[in-house]
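**Q** Build the 3D model from these lines:
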Amino acid sequence: MENVAFDADSLHDMKSVSKSVASLALGIAIDRGLVGSINDPILNFFPELSDLRSPEKERIQLLHALTMSMGLKWVEATPATRDYNNDEARMHMAWDPCRYVLGLAVTTPAGKEFFYNTGALTLVSAIVRKATGRPLDEFARATLFEPLGITGVEWNRIRGDTDAGGGLRLRPRDMAKIGQLVLAGGRWNDRQIVSKGSRPRRHGRSRPRTVYPMGTSGGSAAPCSMDVRSIGPARLVAAGSRFASSRNSISLSW
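**A** Numbering: from 1, shown residues only. Here you go, the predicted model:
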């Protein structure tokens, strides 16, 4: 045990809240026409993995990675023990992490069930790098952090790609800026940083969709309710995170 200093300028390990920030960066890439659409088949971003194509996997869209509903077999609820009985740990050991994720067996049709999958954000990180020509952390620094006046930031990389699943470190006040950006419909100081879109489609509900940003030390999160009625890419935030407090599979409707 030791005392750890923590003040307003300390960088905080954001854990899985990194997923939310990565999703916003992807939203900016879509705004700029660098990524076509969240409805694009995800294998289209990985022509080098054409040998993994199957009718079931060709139905997996970028949206399904963002909502963690790809329908692939994934075990992450177990602790990352030394025997590596955990897909997140095995993915980080793989020579090609994206091949590892997309090479897993299909267990349910894409878009039908939520199942917590950090590997989905590994795919998002690689897609942003491919689309923008620079790692996700560099793209986010130029298009998201700097416009918000965020300068003290660290974002780890694994095998050359940004750890979009959990490698971000920010000051608490800078994370608050990102939260305010979302609440303001993607605007900051009268500048539109990320696009404002229509309200996400609802089924049989009168209340607006709520997003639950992820980020406790185990990867799942206690709900932290945030109304995202108007911001388009905010429906991507936290990758299916309105269900983030559970690791069990849950039916999705959009």
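**Q** buried stuff in whichever strand or helix holds residue 180?
**A** In the assignment (DSSP states H and E), residue 180 maps to helix 172-183. Buried residues in helix 172-183, defined by neighbour count with 16 or more other Cβ atoms under 10 Å: 174, 175, 177, 178, 181, 182, 183. C-beta here means a position set from N, CA and C on the backbone, and glycine is covered the same way.
**Q** what sits against the second one?
**A** This points to residue 175. Neighbouring residues of residue 175 by Cβ atoms under 8 Å, 6 or more residues apart in numbering: 12, 14, 17.
**Q** just the helices in this structure please.
**A** Counting by DSSP state H, the chain has helices at residues 17-31, 62-66, 87-93, 97-102, 119-132, 136-140, 172-183.
**Q** can you redo the ones you listed as TSV with distance to residue 37?
**A** TSV is the format used below for the helices of the chain (distance: least, Cβ to Cβ, whole Å):
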stretch	distance to residue 37
helix 17-31	7
helix 62-66	7
helix 87-93	26
helix 97-102	19
helix 119-132	12
helix 136-140	18
helix 172-183	21
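**Q** These: which one's closest to residue 160?
**A** Set against residue 160 and scored by Cβ to Cβ, those come closest in helix 119-132, at 8.2 Å.
**Q** other SSEs contacting the closest one?
**A** When contacts are defined as 3 or more Cβ pairs under 8 Å, 6 or more residues apart in numbering; DSSP states H and E, helix 119-132 packs onto helix 17-31, helix 62-66, helix 87-93, helix 97-102, helix 136-140, strand 161-162.
**Q** average pLDDT across the second one?
**A** Same thing as helix 62-66. Mean pLDDT, computed over helix 62-66, is 96.
**Q** so residue 93 sits right up against residue 84, yeah?
**A** Yes: if you go by Cβ atoms under 8 Å, residue 93 and residue 84 touch, sitting 6.8 Å apart.
**Q** related to what we said a few turns ago, show me which of the contacts of residue 175 is closest to residue 76.
**A** Nearest to residue 76 among the contacts of residue 175, counting by Cβ to Cβ, is residue 17 at 16.6 Å.
**Q** For the closest one, report the pLDDT, please.
**A** For residue 17, the pLDDT comes out at 95.
**Q** That one and residue 168 touch, don't they?
**A** Yes: using Cβ under 8 Å, residue 17 is in contact with residue 168, at 7.1 Å.
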